[in-house]
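S.K.: quick one: sequence plus predicted model below, questions after.
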Amino acid sequence: MSFADYDPRIIALYDTDNPDGPDHDYYRALAAETKAHRILDLGSGTGLLTVTLAIAQRTVVGVDPSPVMMDYARQRPNAERVTWIDGDASAIDGGPFDLMVMTGNVAQHIPDPQWAQTLKQLRAAAATGAVLAFESRNPSTRAWEQWNDEETATRDTQFGPLTEWSDAEETSAGLVRLTSYAKIEHSQEVLVEKLDLAFRSAEQISADLVAAGFKVRAIWGDWQKNRFNGEQPLMIFEAEAIRGVAGETAHG
(Lines give C-alpha, C1' and ligand atoms only; values in the text may rest on other atoms or scores of the structure.)
Protein backbone atom coordinates (compact mmCIF):
# COMPACT_ATOMS: atom_id res chain seq x y z
CA MET A 1 0.00 0.00 0.00
CA SER A 2 1.57 3.27 -1.08
CA PHE A 3 0.76 6.72 0.26
CA ALA A 4 2.24 10.17 0.71
CA ASP A 5 4.20 10.07 3.96
CA TYR A 6 3.58 12.41 6.87
CA ASP A 7 5.38 15.68 7.46
CA PRO A 8 7.90 15.12 10.31
CA ARG A 9 6.54 18.17 12.12
CA ILE A 10 3.10 16.58 12.32
CA ILE A 11 4.64 13.36 13.63
CA ALA A 12 6.46 15.35 16.33
CA LEU A 13 3.03 16.37 17.66
CA TYR A 14 1.43 12.96 17.18
CA ASP A 15 1.90 11.62 20.72
CA THR A 16 0.51 14.83 22.20
CA ASP A 17 -2.56 14.56 20.00
CA ASN A 18 -2.90 10.80 20.54
CA PRO A 19 -1.69 10.18 24.10
CA ASP A 20 -1.59 6.98 26.09
CA GLY A 21 -5.11 6.42 27.41
CA PRO A 22 -7.95 3.93 27.90
CA ASP A 23 -7.44 2.42 24.45
CA HIS A 24 -3.84 1.51 25.28
CA ASP A 25 -4.96 0.24 28.68
CA TYR A 26 -7.40 -2.09 26.92
CA TYR A 27 -4.74 -3.52 24.60
CA ARG A 28 -2.23 -3.98 27.43
CA ALA A 29 -4.89 -5.74 29.52
CA LEU A 30 -5.72 -7.97 26.57
CA ALA A 31 -2.06 -8.92 26.23
CA ALA A 32 -2.02 -9.90 29.91
CA GLU A 33 -5.37 -11.72 29.69
CA THR A 34 -4.27 -13.80 26.70
CA LYS A 35 -0.84 -14.44 28.25
CA ALA A 36 0.63 -13.36 24.93
CA HIS A 37 4.30 -14.11 24.32
CA ARG A 38 4.56 -13.06 20.67
CA ILE A 39 2.73 -9.84 19.77
CA LEU A 40 2.32 -8.09 16.43
CA ASP A 41 1.38 -4.41 16.29
CA LEU A 42 0.34 -3.71 12.68
CA GLY A 43 0.25 0.01 11.98
CA SER A 44 2.41 0.66 15.03
CA GLY A 45 2.88 4.35 14.17
CA THR A 46 5.19 6.19 16.54
CA GLY A 47 5.39 3.12 18.79
CA LEU A 48 3.87 4.74 21.87
CA LEU A 49 1.84 1.64 22.73
CA THR A 50 4.21 -0.85 21.10
CA VAL A 51 7.11 -0.31 23.47
CA THR A 52 4.86 -0.72 26.52
CA LEU A 53 3.78 -4.15 25.26
CA ALA A 54 7.42 -5.24 25.10
CA ILE A 55 7.92 -6.39 28.66
CA ALA A 56 10.05 -9.32 29.85
CA GLN A 57 9.46 -12.71 28.21
CA ARG A 58 7.61 -11.16 25.27
CA THR A 59 8.63 -10.79 21.65
CA VAL A 60 7.01 -7.74 20.04
CA VAL A 61 7.07 -6.77 16.37
CA GLY A 62 5.92 -3.36 15.13
CA VAL A 63 5.06 -2.92 11.44
CA ASP A 64 4.20 0.38 9.74
CA PRO A 65 4.40 1.68 6.16
CA SER A 66 5.43 5.22 7.17
CA PRO A 67 9.23 5.71 7.23
CA VAL A 68 8.76 8.98 9.12
CA MET A 69 6.75 7.32 11.88
CA MET A 70 9.14 4.37 12.06
CA ASP A 71 12.14 6.68 12.37
CA TYR A 72 10.39 8.35 15.29
CA ALA A 73 9.49 4.98 16.88
CA ARG A 74 13.06 3.71 16.68
CA GLN A 75 14.28 6.71 18.68
CA ARG A 76 11.90 6.46 21.61
CA PRO A 77 13.00 4.99 24.96
CA ASN A 78 12.96 1.17 25.07
CA ALA A 79 12.65 0.96 21.28
CA GLU A 80 15.37 -1.69 21.29
CA ARG A 81 12.90 -4.12 22.89
CA VAL A 82 10.83 -4.13 19.68
CA THR A 83 11.61 -5.50 16.22
CA TRP A 84 10.57 -2.74 13.80
CA ILE A 85 9.60 -3.57 10.22
CA ASP A 86 8.95 -0.98 7.54
CA GLY A 87 6.00 -1.96 5.37
CA ASP A 88 2.41 -3.14 5.36
CA ALA A 89 0.96 -6.56 6.20
CA SER A 90 2.89 -8.17 3.34
CA ALA A 91 6.11 -7.44 5.28
CA ILE A 92 5.04 -9.25 8.47
CA ASP A 93 7.76 -11.50 9.85
CA GLY A 94 8.58 -13.12 13.18
CA GLY A 95 5.44 -15.17 13.75
CA PRO A 96 3.51 -17.15 14.57
CA PHE A 97 1.91 -14.59 16.87
CA ASP A 98 -0.56 -15.24 19.66
CA LEU A 99 -1.81 -11.63 19.82
CA MET A 100 -2.12 -9.20 16.92
CA VAL A 101 -3.40 -5.64 17.27
CA MET A 102 -4.24 -2.72 14.98
CA THR A 103 -4.75 0.43 17.02
CA GLY A 104 -5.63 4.05 16.30
CA ASN A 105 -8.35 3.06 13.80
CA VAL A 106 -5.66 1.59 11.54
CA ALA A 107 -8.29 -0.69 9.97
CA GLN A 108 -9.96 2.34 8.44
CA HIS A 109 -6.74 3.37 6.70
CA ILE A 110 -6.62 0.11 4.74
CA PRO A 111 -8.75 0.37 1.59
CA ASP A 112 -10.48 -2.38 -0.33
CA PRO A 113 -9.34 -4.78 -1.73
CA GLN A 114 -6.17 -4.55 0.42
CA TRP A 115 -8.33 -4.93 3.54
CA ALA A 116 -9.32 -8.53 2.74
CA GLN A 117 -5.74 -9.35 1.81
CA THR A 118 -4.45 -7.82 5.05
CA LEU A 119 -6.76 -10.02 7.12
CA LYS A 120 -5.56 -13.09 5.23
CA GLN A 121 -1.94 -12.10 5.82
CA LEU A 122 -2.65 -11.65 9.51
CA ARG A 123 -4.26 -15.09 9.66
CA ALA A 124 -1.22 -16.62 7.95
CA ALA A 125 0.99 -15.05 10.65
CA ALA A 126 -1.19 -16.25 13.53
CA ALA A 127 -1.05 -19.37 15.64
CA THR A 128 -4.32 -21.26 15.95
CA GLY A 129 -6.28 -19.62 18.76
CA ALA A 130 -4.41 -16.32 18.43
CA VAL A 131 -6.41 -13.18 19.10
CA LEU A 132 -6.71 -10.28 16.66
CA ALA A 133 -8.01 -7.02 18.17
CA PHE A 134 -8.68 -3.64 16.59
CA GLU A 135 -11.14 -0.78 16.58
CA SER A 136 -13.08 0.99 13.84
CA ARG A 137 -15.61 3.84 13.88
CA ASN A 138 -19.29 2.98 13.57
CA PRO A 139 -20.43 4.34 10.18
CA SER A 140 -24.00 4.87 11.36
CA THR A 141 -22.90 7.70 13.69
CA ARG A 142 -21.37 9.56 10.69
CA ALA A 143 -18.37 10.96 12.57
CA TRP A 144 -17.17 12.90 9.53
CA GLU A 145 -20.15 15.25 9.81
CA GLN A 146 -19.00 16.21 13.30
CA TRP A 147 -15.46 16.80 11.99
CA ASN A 148 -16.86 19.34 9.53
CA ASP A 149 -18.65 21.13 12.37
CA GLU A 150 -15.43 21.63 14.36
CA GLU A 151 -14.19 25.21 14.44
CA THR A 152 -10.74 26.39 13.43
CA ALA A 153 -8.46 26.37 16.49
CA THR A 154 -5.00 27.76 17.26
CA ARG A 155 -2.65 26.26 19.85
CA ASP A 156 0.93 26.74 21.00
CA THR A 157 3.40 24.07 19.84
CA GLN A 158 7.16 23.60 19.62
CA PHE A 159 6.86 25.17 16.16
CA GLY A 160 5.04 28.21 17.53
CA PRO A 161 1.32 28.94 17.16
CA LEU A 162 -0.40 26.36 14.96
CA THR A 163 -3.85 26.88 13.45
CA GLU A 164 -5.74 23.73 12.50
CA TRP A 165 -8.90 22.89 10.62
CA SER A 166 -10.24 20.05 8.49
CA ASP A 167 -12.69 19.12 5.77
CA ALA A 168 -14.37 15.75 5.40
CA GLU A 169 -16.35 14.48 2.44
CA GLU A 170 -18.08 11.17 1.84
CA THR A 171 -16.74 10.43 -1.64
CA SER A 172 -18.70 7.18 -2.00
CA ALA A 173 -20.68 4.86 0.24
CA GLY A 174 -18.47 4.01 3.21
CA LEU A 175 -15.46 6.01 2.01
CA VAL A 176 -14.56 9.41 3.48
CA ARG A 177 -11.81 11.78 2.34
CA LEU A 178 -10.44 13.68 5.35
CA THR A 179 -8.23 16.67 4.58
CA SER A 180 -6.47 18.21 7.58
CA TYR A 181 -4.71 21.56 7.52
CA ALA A 182 -2.11 22.90 9.94
CA LYS A 183 -0.90 26.47 9.45
CA ILE A 184 2.40 27.42 11.11
CA GLU A 185 1.67 31.04 11.94
CA HIS A 186 5.30 32.20 12.10
CA SER A 187 6.03 31.13 8.53
CA GLN A 188 2.47 31.03 7.17
CA GLU A 189 3.26 27.56 5.82
CA VAL A 190 0.25 25.26 5.59
CA LEU A 191 0.80 21.53 6.07
CA VAL A 192 -1.84 19.40 4.35
CA GLU A 193 -2.64 15.77 5.17
CA LYS A 194 -5.15 13.79 3.09
CA LEU A 195 -6.56 10.48 4.28
CA ASP A 196 -9.11 8.16 2.72
CA LEU A 197 -10.94 6.37 5.52
CA ALA A 198 -13.09 3.27 5.07
CA PHE A 199 -16.19 3.16 7.28
CA ARG A 200 -17.30 -0.49 7.44
CA SER A 201 -20.27 -1.80 9.37
CA ALA A 202 -19.98 -4.36 12.16
CA GLU A 203 -21.66 -6.89 9.89
CA GLN A 204 -19.21 -6.27 7.05
CA ILE A 205 -16.14 -6.46 9.26
CA SER A 206 -17.43 -9.62 10.92
CA ALA A 207 -17.97 -11.25 7.53
CA ASP A 208 -14.50 -10.19 6.39
CA LEU A 209 -12.95 -11.72 9.48
CA VAL A 210 -14.76 -15.02 8.98
CA ALA A 211 -13.71 -15.11 5.32
CA ALA A 212 -10.08 -14.68 6.38
CA GLY A 213 -10.15 -17.53 8.89
CA PHE A 214 -11.18 -15.87 12.15
CA LYS A 215 -14.23 -16.18 14.37
CA VAL A 216 -15.53 -13.07 16.10
CA ARG A 217 -15.57 -13.61 19.84
CA ALA A 218 -16.65 -10.11 20.90
CA ILE A 219 -17.54 -6.64 19.61
CA TRP A 220 -17.26 -3.99 22.31
CA GLY A 221 -18.80 -0.54 22.16
CA ASP A 222 -16.23 1.14 24.40
CA TRP A 223 -12.90 0.55 26.11
CA GLN A 224 -14.69 -0.65 29.26
CA LYS A 225 -15.89 -3.70 27.28
CA ASN A 226 -19.59 -2.92 27.16
CA ARG A 227 -21.18 -4.86 24.31
CA PHE A 228 -21.65 -3.01 21.03
CA ASN A 229 -25.36 -2.35 20.47
CA GLY A 230 -25.20 -0.56 17.12
CA GLU A 231 -25.36 2.94 18.55
CA GLN A 232 -21.90 3.58 20.03
CA PRO A 233 -19.47 5.57 17.87
CA LEU A 234 -16.73 2.95 18.24
CA MET A 235 -16.58 -0.78 17.52
CA ILE A 236 -13.79 -2.84 19.13
CA PHE A 237 -13.34 -6.28 17.63
CA GLU A 238 -11.81 -9.34 19.22
CA ALA A 239 -11.43 -12.27 16.83
CA GLU A 240 -9.81 -15.68 17.20
CA ALA A 241 -7.81 -17.52 14.55
CA ILE A 242 -9.48 -20.84 13.81
CA ARG A 243 -7.83 -24.11 12.81
CA GLY A 244 -7.44 -25.50 9.32
CA VAL A 245 -6.96 -22.36 7.23
CA ALA A 246 -4.95 -22.55 4.01
CA GLY A 247 -1.68 -20.67 4.33
CA GLU A 248 -1.50 -21.14 8.10
CA THR A 249 2.00 -21.35 9.50
CA ALA A 250 3.33 -24.77 10.39
CA HIS A 251 3.37 -23.71 14.03
CA GLY A 252 -0.27 -22.64 14.01
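M.R.: Ah, there it is.

S.K.: C-alpha only now, for contacts and for neighbours.
M.R.: Will do.

S.K.: the chain: strands as residue ranges?
M.R.: 38-42, 59-64, 82-86, 97-102, 126-137, 153-157, 160-172, 175-184, 189-198, 214-220, 234-241 (DSSP state E).

S.K.: out of the ones you listed, flag the one nearest D5.
M.R.: Nearest to D5 among those is strand 189-198; the distance by Cα to Cα comes to 9.0 Å.

S.K.: tell me the mean pLDDT over that closest one?
M.R.: Mean per-residue pLDDT for strand 189-198: 94.

S.K.: you'd agree E189 is up against Y181?
M.R.: No: E189 is beyond contact range of Y181, at 10.1 Å (criterion: Cα atoms under 8 Å).

S.K.: which one of those two has more residues nearby?
M.R.: Y181 (18 against 11; other Cα atoms under 10 Å).

S.K.: how far away is that one from D196?
M.R.: Distance, Y181 to D196, by Cα to Cα, to the nearest Å: 15 Å.

S.K.: same question, N105
M.R.: 12 Å.

S.K.: and if you look at M70?
M.R.: For M70 relative to D196 (Cα to Cα), the value is 21 Å.

S.K.: between these two, point out the one with more neighbours.
M.R.: Neighbours were counted for M70 and for D196 using other Cα under 10 Å; M70 has more, 22 against 18.

S.K.: how about the more buried one, what does it touch?
M.R.: Residues near M70 by Cα atoms under 8 Å, 6 or more residues apart in numbering: G45, T46, G47, D64, W84, D86.

S.K.: ok, the closest residue to the second one other than its chain neighbours - contacts?
M.R.: Looking back up the chat, that one is T46. Sequence neighbours aside, A73 is the residue nearest to T46 in space, at 4.5 Å (criterion: Cα to Cα, 6 or more residues apart in numbering). The neighbours of A73, taking Cα under 8 Å, 6+ apart as the test, are G45, T46, G47, L48, A79.

S.K.: go with 7 Å
M.R.: Contact analysis of A73 by Cα atoms under 7 Å, 6 or more residues apart in numbering lists T46, G47, A79.

S.K.: same question, V61
M.R.: I39, L40, D41, V82, T83, W84.

S.K.: let's see that with 6 Å instead.
M.R.: V61 sits next to L40, V82, T83, W84 when contact means Cα atoms under 6 Å, 6 or more residues apart in numbering.
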